[in-house]
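**Student:** dropping a prediction and its sequence here:
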Amino acid sequence: MPRRRPSERDKKGPSQRQLRVGEEVRHLLAELLERGEMRDPDLREASITVTAVDVSPDLRNATAFVMPLGGQDEQRLLAAMRRAAPWFRARVGEKAGLRHAPEIRFEIDRTFDEADRIGALLRRPDVARDLDDE
């Protein structure tokens, strides 16, 4: 199937509504994780931060970026979050007041790793020397 050409709307980035719904879902997920009402023991005892939620233009799909405190047991906690995704979707649907609760997919947030990598590059002696010349 051929890929469709990106429209002008695609090039502009997320709409205000997408951003607003994403932030609301992020807050709701964080609240649910803080309360620890999940059945899964892996999640009940875990400290997990929801860093961002990206929502599709039709608001039916969401990707929640999460990070366990200290980066410990990422894969085990990610698997637990994915198992509990239907439960999270139902709770978000109850509280968000949306016509359709988005299907939530969980991913580990790698932006911290990328920031560390860039910081390490900037601290390299050859790069620091080039930056000092300016």
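**Tutor:** That came in fine, so what should we check first? Numbers count the residues shown, from 1 in each chain.

**Student:** what about residue 120, distance to residue 70?
**Tutor:** Distance of residue 120 to residue 70, computed by C-beta to C-beta, to the nearest Å: 19 Å. (Each C-beta comes from the backbone N, C-alpha and C, glycine too.)

**Student:** same deal with residue 125?
**Tutor:** 30 Å.

**Student:** kindly report the same for residue 40.
**Tutor:** 19 Å.

**Student:** so these two - more neighbours on which side?
**Tutor:** residue 40 (15 against 8; other C-beta atoms under 10 Å).

**Student:** so what's the more buried one closest to, chain neighbours aside?
**Tutor:** residue 80 (5.0 Å; C-beta to C-beta, 6 or more residues apart in numbering).

**Student:** any idea of the pLDDT on that neighbour?
**Tutor:** Per-residue pLDDT puts residue 80 at 92.

**Student:** and the host helix or strand of it, which residues are buried?
**Tutor:** With secondary structure defined by DSSP states H and E, residue 80 is part of helix 74-83. If you call a residue buried by 16 or more other C-beta atoms under 10 Å, then helix 74-83 has these buried ones: 77, 78, 80, 81.
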